[in-house]
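>>> my questions are about this predicted structure, shown below with the sequence.
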Amino acid sequence: MPAFSEEKVGEDKVGGSADGFVGWGQQTIKNKPQSQIELAFSCANLRDMDVLSKSDPQIVLYMKNHEDIWKETGRTDKVSNDCNPVFAQPIQISYKFEERQDIRIRVFDLDDPGQSIGMADFLGELEIPVGQIVAVRSLTKPLDHPRFQECGTITITATEVGGHHEIACLKFEGMGLDKKDFFGKSDPFYELGKQNPDGTFQTVYRSETIEGTLSPRWRQHEINVKRLCGGEAEQPILFSCYDHDDDGSHDFIGYFITTLAQLRDRANASTTVFDLINPKKLKTKKDYSNSGQVKMAECRVEKTYSFLDYIMGGLQLNCTVAIDFTGSNGDPQTPRSLHYIGAPEGNHYQQTWQAIGQIIQDYDADKLFPAFGFGAALPPHGQVSFEFALNGNADNPLCAGVPGVMEAYKSSLLYVGLSGPTNCAPMIRHVSRLAITAAQSRTAQNYYILLIMTDGQFTDIYDCIGSIVEASDYPMSIIIIGVGSADFTDMERLDADKKALQFNGRKASRDIVQFVPFKKYVHCLSALPGAVLAELPRQVEEYYRKRRITPLSTEHVGAAEGASDDSSM
């Protein structure tokens, strides 16, 4: 009999996420662990610093920490007498999409085995954001040296360590469950438990509760196979069924033990049922057979891909910028205005775009950003527009890089008038049209991001909800930054982390909105990108996984599987 308890289960210990819930008494982990990537290196045409032989190069990699201090992260092997070295030892680092991760790669000539880096000849260096490397997977750049104009090139190749995994898609239905409530039927839910090395079981998933029924039909859910059974199809899985009570004293109904292999083998059987056994009743009742049965309605195991798999496979992130030009921002000529551009550090709109744009641009090959404004009165007749091009060119609203958007924004303030209302549904539909075209191709080639910066709640909030619900079916995400001190309560509603958005009876197929108030990070701007971009990798993965769309190229997938734990960190 498995080790489990019929004692009170605390409500504060509930966790229903397939990837988040860890076990009783432990915290729900919302974000997945950081990705690990390996960087492999080779050089060409290094300078020969030795008199009687060629250079003996070795690479040392440094990363900037949060205090902007360079810290050594790892070293490659040393290659003897070679000005065109291919280094066998890669360097492993943690990859964070939502942060700008600058690295410095320095190449040294080490003549003696015990020679310190400080005494070695310096051959050249390269400073580059990690995002630029993973976006193209492999690139070659010239090395810089303070004394030499030509000092060779370096090639860097990135590979994710253990990126892809398997997901089990499971759906269960109960039949004839025991009645536990005196005045009504049971309110059943179930848990799945993974077996620990000591034979006990650790809860890894909890279903929703179906109220007032003895024949529940729980919704399908997905769970990482490694979390469910350690990746071993024959490892026991505990299914436990309970009757939910509001006070947390849930009544135990019964359990059965199975394996993923058994569930998968029986997936096509029309009568695959398991008896729920209550050990107490089994001991005390002579004619006891079960406390109900559970039917396996669906079991599929699918290979999934990580965000980095899609990026390294060629996925482009296309970001459209939309800025609020409504009158509530204040006269741009006055220092109290949210659009005042006289401050050396820039206004909050400029600071936001600078922080987000410098990260997003690494994942867009041409680094051209469509940039729009909404809520402004345009010359010559003062007509209000909710999607005007910041550069004044409606046929080509593209701006070159982060600076291009900045310049177009400042120029637009000189010729448009701040007006209103704060209608944003037109911008959502604008980007949706682009995403619809990408969806029709059924390839992981283009994913769209709409970055909205606004000083107040949307006037057309219900129209926005309808547009967001429709857009949830397309390859796009929406990021909303609340600038200023307005009440953004309704905007929090759009960020449907707890409850899916609905419009006219239709539910959003996934959560695609992330809302962040700028004022929360005004004194710690470096933390803003992390809050803004943290959900984007999951949203990308979810879109392509639900549609079973693989990366454009999968040559890199699994290339670093089984990498040594001794890799440099």
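Sure thing, it's come through.
>>> average pLDDT across stretch 301-319?
The pLDDT scores in stretch 301-319 average 91.
>>> endpoints of that stretch, how far apart?
33 Å (Cα to Cα, to the nearest Å).
>>> in it, what's buried?
Judged by neighbour count using 16 or more other Cβ atoms under 10 Å, the buried positions of stretch 301-319 are 301, 304-319. C-beta: built from backbone N, CA, C; applies to glycine.
>>> what is the least confident helix or strand in this structure?
Ranking every helix and strand in the chain by mean pLDDT, DSSP states H and E puts helix 489-494 at the bottom, with a mean of 81.
>>> quick one: that one to chain centroid distance?
Mean-position distance between helix 489-494 and its chain equals 21 Å (Cα atoms, centre = their mean, to the nearest Å).
>>> repeat for stretch 519-532
Averaging C-alpha positions (Cα atoms, centre = their mean) puts stretch 519-532 17 Å from its chain's average.
>>> so the residue lying closest to residue 431 once chain neighbours are set aside: helix, strand or coil?
Spatial nearest neighbour of residue 431, chain neighbours left out: residue 450 (4.4 Å); criterion: Cβ to Cβ, 6 or more residues apart in numbering. Secondary structure for residue 450, judged by DSSP: H, G, I helix; E, B strand; the rest coil, is strand.
>>> count of neighbours near residue 450?
27 (other Cβ atoms under 10 Å).
>>> how about residue 189?
Neighbour number of residue 189 under other Cβ under 10 Å is 23.
>>> what sits up against the host helix or strand of it?
Residue 189 is part of strand 188-195 when elements are defined by DSSP states H and E. Residues outside strand 188-195 that contact it (Cβ atoms under 8 Å, 6 or more residues apart in numbering): 2, 4, 172, 174, 177, 201-210, 213-214, 216, 218, 223, 227-230, 235-244, 250, 253, 294.
>>> in strands, which of the buried residues of stretch 301-319 appear?
Here DSSP state E is the test, and those give 301, 304, 316-319 as lying in strands.
>>> report all helices and strands that the longest helix along the chain contacts.
Counting residues, the longest helix found in the chain (DSSP state H) is helix 425-441. The contact analysis (3 or more Cβ pairs under 8 Å, 6 or more residues apart in numbering; DSSP states H and E) places helix 425-441 against strand 316-324, strand 368-374, strand 446-454, helix 461-471, strand 476-482.
>>> go with 6 Å
strand 446-454, helix 461-471 (3 or more Cβ pairs under 6 Å, 6 or more residues apart in numbering; DSSP states H and E).
>>> now the angle from that helix to helix 461-471?
On the basis of axes from the mean of the first three to the mean of the last three Cα atoms, to 10 degrees, helix 425-441 is oriented at 10 degrees to helix 461-471.
>>> quick one, helix 425-441 and strand 368-374 angle?
Going by the same axes, to 10 degrees, helix 425-441 makes 150 degrees with strand 368-374.
>>> how about low-confidence regions in the stretch 401-550 of the chain?
For the stretch 401-550 of the chain, the stretches with pLDDT under 70 are 498.
>>> my guess is residue 472 meets residue 506, correct?
No. Using Cβ atoms under 6 Å, residue 472 makes no contact with residue 506, being 9.6 Å away.
>>> these two - which one has more neighbours?
The residue with more neighbours, out of residue 472 and residue 506, is residue 472; 24 against 12, by other Cβ under 10 Å.
>>> which ones are touching the closest residue to that one other than its chain neighbours?
Nearest non-adjacent residue to residue 472, counting by Cβ to Cβ, 6+ apart: residue 508, 4.0 Å away. Applying Cβ atoms under 6 Å, 6 or more residues apart in numbering to residue 508 gives the contacts 469, 472, 500-501.
>>> at 10 Å instead, please
465, 468-473, 496, 499-502 (Cβ atoms under 10 Å, 6 or more residues apart in numbering).
>>> residue 488 now?
454-458, 480, 482, 494-495, 515-519.
>>> thinking again about what came up before, which of the contacts of strand 188-195 count as buried?
4, 172, 174, 177, 201-207, 209-210, 214, 216, 218, 223, 227-229, 236-244, 250, 253, 294.
>>> return the subset of these lying in helices.
Reading helices off the buried ones among the contacts of strand 188-195 with DSSP H, I get 227-229.
>>> by pLDDT, give me the weakest of those residues.
Ranking those by pLDDT, residue 227 lands last with 84.
>>> pretty sure that one sits against residue 168.
Yes. The criterion here is Cβ atoms under 10 Å, and residue 227 meets it with residue 168 at 9.3 Å.
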